[in-house]
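Asker: Here you go, sequence then predicted model.
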Amino acid sequence: MVEIIHLAAGEQMPEMADHEPWLIVEASDDGRFFGTGSAFKPTGESVFYASLAESDISLKGAIGAARKWAIKYSVPRIWVQATPDNE
(Lines give C-alpha, C1' and ligand atoms only; values in the text may rest on other atoms or scores of the structure.)
Protein backbone atom coordinates (compact mmCIF):
# COMPACT_ATOMS: atom_id res chain seq x y z
CA MET A 1 0.00 0.00 0.00
CA VAL A 2 1.28 3.46 -0.89
CA GLU A 3 0.64 6.28 1.56
CA ILE A 4 -0.44 9.61 0.06
CA ILE A 5 0.74 12.60 2.11
CA HIS A 6 -0.76 15.97 1.20
CA LEU A 7 1.48 18.93 1.95
CA ALA A 8 0.12 22.30 3.08
CA ALA A 9 0.63 25.30 0.82
CA GLY A 10 4.31 26.25 0.93
CA GLU A 11 5.30 23.06 2.78
CA GLN A 12 8.13 21.01 1.26
CA MET A 13 8.73 17.28 1.11
CA PRO A 14 11.28 16.30 3.77
CA GLU A 15 14.89 15.67 2.76
CA MET A 16 15.45 12.04 1.86
CA ALA A 17 18.68 10.09 2.24
CA ASP A 18 20.32 8.93 -0.99
CA HIS A 19 19.28 5.33 -0.35
CA GLU A 20 15.60 6.16 0.34
CA PRO A 21 13.01 5.97 -2.45
CA TRP A 22 10.87 9.07 -2.91
CA LEU A 23 8.10 10.37 -5.13
CA ILE A 24 6.38 13.75 -5.27
CA VAL A 25 3.53 15.21 -7.33
CA GLU A 26 3.63 19.00 -7.52
CA ALA A 27 1.22 21.58 -8.91
CA SER A 28 2.51 24.00 -11.52
CA ASP A 29 1.42 27.55 -12.32
CA ASP A 30 -0.38 26.38 -15.47
CA GLY A 31 -2.76 24.01 -13.66
CA ARG A 32 -0.86 20.79 -14.36
CA PHE A 33 0.68 18.35 -11.88
CA PHE A 34 4.19 17.00 -12.38
CA GLY A 35 5.54 13.88 -10.73
CA THR A 36 9.20 13.12 -10.06
CA GLY A 37 10.90 10.47 -8.02
CA SER A 38 13.70 8.02 -7.49
CA ALA A 39 13.84 4.39 -6.37
CA PHE A 40 15.82 1.21 -6.88
CA LYS A 41 15.27 -1.93 -8.90
CA PRO A 42 15.71 -5.26 -7.05
CA THR A 43 19.21 -5.40 -8.58
CA GLY A 44 20.11 -2.16 -6.76
CA GLU A 45 20.14 -0.10 -9.96
CA SER A 46 18.64 3.40 -9.64
CA VAL A 47 15.43 4.16 -11.50
CA PHE A 48 13.87 7.61 -11.88
CA TYR A 49 10.28 8.77 -12.35
CA ALA A 50 9.18 11.67 -14.49
CA SER A 51 5.47 11.96 -15.21
CA LEU A 52 4.09 11.89 -18.74
CA ALA A 53 2.14 14.80 -20.22
CA GLU A 54 -1.08 12.76 -20.35
CA SER A 55 -0.87 12.16 -16.58
CA ASP A 56 -0.13 15.81 -15.75
CA ILE A 57 -3.58 17.16 -16.69
CA SER A 58 -5.29 16.45 -13.37
CA LEU A 59 -4.25 15.81 -9.79
CA LYS A 60 -6.15 12.52 -9.81
CA GLY A 61 -4.37 11.38 -12.99
CA ALA A 62 -0.96 12.44 -11.69
CA ILE A 63 -1.44 10.61 -8.39
CA GLY A 64 -2.79 7.53 -10.19
CA ALA A 65 0.23 7.28 -12.49
CA ALA A 66 2.61 7.95 -9.60
CA ARG A 67 0.91 5.29 -7.48
CA LYS A 68 1.44 2.63 -10.20
CA TRP A 69 5.14 3.47 -10.35
CA ALA A 70 5.41 3.57 -6.54
CA ILE A 71 3.90 0.09 -6.27
CA LYS A 72 6.20 -1.27 -8.96
CA TYR A 73 9.34 0.06 -7.23
CA SER A 74 8.25 -0.28 -3.57
CA VAL A 75 8.07 3.44 -2.82
CA PRO A 76 6.16 3.66 0.48
CA ARG A 77 4.67 7.15 0.10
CA ILE A 78 3.84 9.86 -2.39
CA TRP A 79 4.15 13.46 -1.28
CA VAL A 80 1.55 15.73 -2.93
CA GLN A 81 1.81 19.52 -3.22
CA ALA A 82 -1.56 20.47 -4.73
CA THR A 83 -0.92 24.23 -4.91
CA PRO A 84 1.90 25.96 -6.80
CA ASP A 85 4.74 27.41 -4.70
CA ASN A 86 3.84 30.98 -5.59
CA GLU A 87 0.29 30.86 -4.22
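Answerer: Yes, it's here.

Asker: Next one: the closest residue to Ser46 other than its chain neighbours relative to His6, how far apart?
Answerer: Take Ser46 and drop its neighbours on the chain: the residue closest to it by C-beta to C-beta, 6 or more residues apart in numbering is Phe40, 6.0 Å away. Placement of C-beta: from N, CA and C, glycine included. Look at Phe40 and His6: by C-beta to C-beta, to the nearest Å, they are 25 Å apart.

Asker: more crowded one of those two?
Answerer: Using other C-beta atoms under 10 Å, the more surrounded residue of Phe40 and His6 is Phe40, with 15 against 12.

Asker: Quick one: low-confidence residue ranges for this structure.
Answerer: Along the chain, segments meeting pLDDT under 70 span 86-87.

Asker: tell me the residue furthest from the middle of it?
Answerer: Of all residues in the chain, Thr43 has its C-alpha farthest from the mean position, at 22.2 Å, by C-alpha atoms, centre = their mean.

Asker: Any figure for the gap between that one and Asp18?
Answerer: Distance from Thr43 to Asp18, by C-beta to C-beta: 17 Å.

Asker: one step back: show me what contacts the residue farthest from the centre of the chain?
Answerer: Applying C-beta atoms under 8 Å, 6 or more residues apart in numbering to Thr43 gives no contacts.

Asker: What values do phi and psi take at it?
Answerer: phi -80, psi -10 (degrees, to the nearest 10).

Asker: Can you give me the distance of it to Ile71?
Answerer: Taking C-beta to C-beta, one finds Thr43 at 18 Å from Ile71.

Asker: Next, the contact list for the residue nearest to Ser46, please.
Answerer: Applying C-beta under 8 Å, 6+ apart, the residues near Phe40 are 19, 21, 46-47, 73.
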